[in-house]
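S.K.: got a predicted structure here, sequence first:
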Amino acid sequence: MKTGKVVRILAVALGIALVTTMASAQAINSGAQTIALNATLTESLTLSLTANAVNFTLAAGSAANAGSTSITATTAWVLKPGRTAVGVYAYFASAAAALTDGAGDNIPSSAFFIADNAQPSTALTASVPFGGALAGLQLGGANTAITGANRNSNRTDVMAFNINLTGGTLPQLPAALYTGTLNIQAQATP
Amino acid sequence: MSLQTKFGRLAAVLVLAVTALAGRSHAQVLNSGASTITLQAVLNDSLSVTLSGNAVNFNLTAGSANNPGSVAITATTTWISKAGRNLSLYAFFANSATALTDGAGDNIPSADFQISDNAGPFNALTNTVPFGGANAGLTLFTQKITGTSKTGSTTDVMNFNINLSTLPNLPANTYTGTLTIQAQII
């Protein structure tokens, strides 16, 4: 009887101790304070060239009048979801007067050739998104397809230039200084 | 002793007795029983966090490890507690995979979100803390509450950074998220 009483007292004491310990261990939490985060990754498409001038020493009637230097176009992009393609284009404002002496004598874009990344030379005779009709060329011949793996990426196009003076009346092109502006531009679509 | 003398003494005794009785009856106080009032004053444990701001903007550069937040935010933690407990301050996201999201399936995980606390090194939110998602948190500090720090206040100046070096193909977009700061005493 006495032993049972002692056991009961001990049990009660243990219970009180346990409750006290539990109460002490109970965590106190502050209110949750929030910070709104807003991060913007801006869409971009840039194109840079290693140089901005090419000279040609022309030989009358010659098919091979190479430019003085190759130029590398580096196209870099950070694109939004939904973009599926990047194209790089070379073009003149006018197909008929890619280069001109300013006196009515012109070298058409069809006589101006670009070899992209050591591929065969191709004349600028296509209509592209920029420039004059039939005055352009898509470098590489096709778009770069954009996937989840290259939404932030770049491409390089090493362009070697040539003027072919064999076509049409070009063999009779008078001696003069012919100047023109070739544009290189990229486009992401859609 | 003459009758007159006896009478005089008796009169004097009577006067004295009456005077004494009258005086005592005036001086006697009357006390009630003592009623007690039990006093109980409770100083509750308390813990609060306040922030100096509630918004941070980031101008991201694709693939860059350094994309700092537009502003530092100071968290002030104030407490009243018992000695012997631990006070901790946590930063966390609800989900480690989608700390910030463009809502179109492109996410910045908490592993790429970093906090520098009080000019210390930047640390990513990759731990599991008492609040938020698994592997989505960071303990800013833990300190033992002692007899001399049962009440107190401390500040944590948080600088933020988003590291995109592991997310080189994150598409251009606006990414939003909610970072939560919360303290606990246990």
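M.R.: Ah, there it is.
S.K.: ok, and the closest non-adjacent residue to A:T179?
M.R.: The shortest distance from A:T179 to any non-neighbouring residue, by CB to CB, 6 or more residues apart in numbering or on different chains, is to A:L99 (6.1 Å). Heads up, the C-betas are built off the backbone N, CA and C, glycines and all.
S.K.: now do the contacts for the one you found.
M.R.: A:N106, A:I107, A:F112, A:I163, A:Y178, A:T179, A:G180 (CB atoms under 8 Å, 6 or more residues apart in numbering or on different chains).
S.K.: ok, then the element right after the lowest-mean-pLDDT helix or strand in chain B?
M.R.: Ranking every helix and strand in chain B by mean pLDDT, DSSP states H and E puts helix B:3-27 at the bottom, with a mean of 57. Going down the chain from helix B:3-27, the next helix or strand is strand B:46-51, by DSSP states H and E.
S.K.: after that following strand, next one along is what?
M.R.: Using DSSP H and E, the helix or strand that follows strand B:46-51 towards the C-terminus is strand B:55-60.
S.K.: surely A:L137 is in contact with A:S121?
M.R.: No - counting by CB atoms under 8 Å, A:L137 stays clear of A:S121, with 10.0 Å between them.
S.K.: longest strand of chain A, counting residues only.
M.R.: For chain A, the longest strand by residue count, based on DSSP state E, is strand A:152-163.
S.K.: excluding sequence neighbours, find me the nearest residue to B:F141.
M.R.: B:L89 (5.4 Å).
S.K.: counting neighbours, what do you get for that neighbour?
M.R.: B:L89 sits with 24 neighbouring residues when counted by other CB atoms under 10 Å in any protein chain shown.
S.K.: distance of it from A:V78?
M.R.: 36 Å (CB to CB, to the nearest Å).
S.K.: picking that back up, ok, what's across the strand from the residue nearest to B:F141?
M.R.: B:F141, B:A183 (DSSP bridges).
S.K.: who's in contact with it?
M.R.: If a contact means CB under 8 Å, 6+ apart, then B:L89 has B:V49, B:A75, B:T77, B:T139, B:L140, B:F141, B:D156, B:I181, B:Q182, B:A183 as its contacts.
S.K.: excluding its own residues, what touches the helix or strand hosting the fourth one? List them.
M.R.: Mapping B:T139 onto the secondary structure by DSSP H and E places it in strand B:137-144. Strand B:137-144 is touched from outside by B:75, B:84-93, B:110, B:115, B:117, B:123-129, B:131, B:149, B:154, B:156, B:158, B:181, with contacts defined as CB under 8 Å, 6+ apart.
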